[in-house]
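Participant: sequence unavailable; structure follows:
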């Protein structure tokens, strides 16, 4: 779609053309990317220069609206992103770190949903973290909550910035998924790979196996078959990966294939899954589907779900389409949920 290694701003200018709507949308994406550049430095320097935060948490002492612990970097990043959007065509901003949306511009054409620092607990162990964002059309109302609670298939753009060995931006504007890398010399994102296609076959899966005793029917059997490897019904070996970082897992699967699972389970607070729909599952799912993959809550497509509230949680399964479809079969087919049946021990007909 674009020339090799062109800057994000130039790529978006090419995409925007003479369209006023696209130009305004591009300005928002560039602003979010610039916030990412600032956060990349702040995260790298945090062990030596922790962010100075004077913001009082809004959802309770030291926790956000979802009940998760708030670290100083969470609050700092939230302010950095919010400040970056000032003066742009954004009606409202919502974040994992705030109870309610923040009104920015009356009559703005877009709303922005953000997880400022996904996986912030990884900061203590120098593991990858990231920023996830979604941009949706605003509604003709002072109250923009209906705009924020639109189904994911209404997203106009989505992306994730991963702060790792390189700082990378995965971006979609609904015309494929592109990979940009932060150039440390110019401090701009440059195109590394356009039109990423998620590999269709890979013998890798990502799940937190320490929760196996809490999984319900279907997930336990699916993972059990993978663990059995060549001696099981799949008749091949699989590798498990788990980084405890949604953005890092998504980046690996977008570039190497496989499947990610964060299912619901029987623990308190996990009955409906753990990933936030509006500002985590939806943008990640948009990136994945635009790269030829698939994303569901185990059964239904994530992008077809209409959020009920801002911080709603959902189960999340994404990756290669054939693998995501296979997980669904395990969840809906009773024959695949009975580990004691003869069919379970010799399910050659279910290997596709």
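Facilitator: Okay, I see it. Keep in mind the model is a prediction, meaning the values are calculated, not measured.

Participant: going forward, measure contacts between C-alpha atoms and count neighbours the same way
Facilitator: Will do.

Participant: do you know how far residue 284 is from residue 76?
Facilitator: 23 Å (Cα to Cα, to the nearest Å).

Participant: neighbour-wise, which of those two wins?
Facilitator: residue 284 (30 against 20; other Cα atoms under 10 Å).

Participant: the more buried one against residue 248, yeah?
Facilitator: No: contact criterion Cα atoms under 8 Å: residue 284 and residue 248 do not qualify, at 11.2 Å.

Participant: correct me if wrong: residue 249 contacts residue 207.
Facilitator: No: using Cα under 8 Å, residue 249 is not in contact with residue 207; the gap is 9.7 Å.

Participant: overlap in contacts, these two.
Facilitator: Counting by Cα atoms under 8 Å, 6 or more residues apart in numbering, the shared contacts of residue 249 and residue 207 are 242, 260.

Participant: residue 28 in helix, strand or coil?
Facilitator: Of the three states, residue 28 takes helix under DSSP: H, G, I helix; E, B strand; the rest coil.

Participant: ok, it - contacts?
Facilitator: 85, 88-90.

Participant: per-residue confidence at it?
Facilitator: pLDDT for residue 28: 98.

Participant: now do the one 10 residues further on
Facilitator: Residue 38 is assigned a predicted lDDT (pLDDT) of 97.

Participant: now do residue 349
Facilitator: So residue 349 comes in at 35 (pLDDT).

Participant: look up how far residue 174 lies from the most centrally placed residue in the chain.
Facilitator: Geometric centre of the chain, nearest residue: residue 284, 3.3 Å, by Cα atoms, centre = their mean. In this view, residue 284 and residue 174 are 13 Å apart by Cα to Cα.

Participant: now residue 223
Facilitator: 32 Å.

Participant: next one: residue 17
Facilitator: 16 Å.

Participant: quick one: which of these two has more around it?
Facilitator: Counted by other Cα under 10 Å, residue 17 and residue 174 do not tie: residue 174 has more neighbours, with 15 against 10.

Participant: which residues in the stretch 1-150 of the chain form strands?
Facilitator: Secondary structure of the stretch 1-150 of the chain by DSSP state E, counting those that start in this stretch: the strands cover 90-95, 102-103, 110-118, 129-137.
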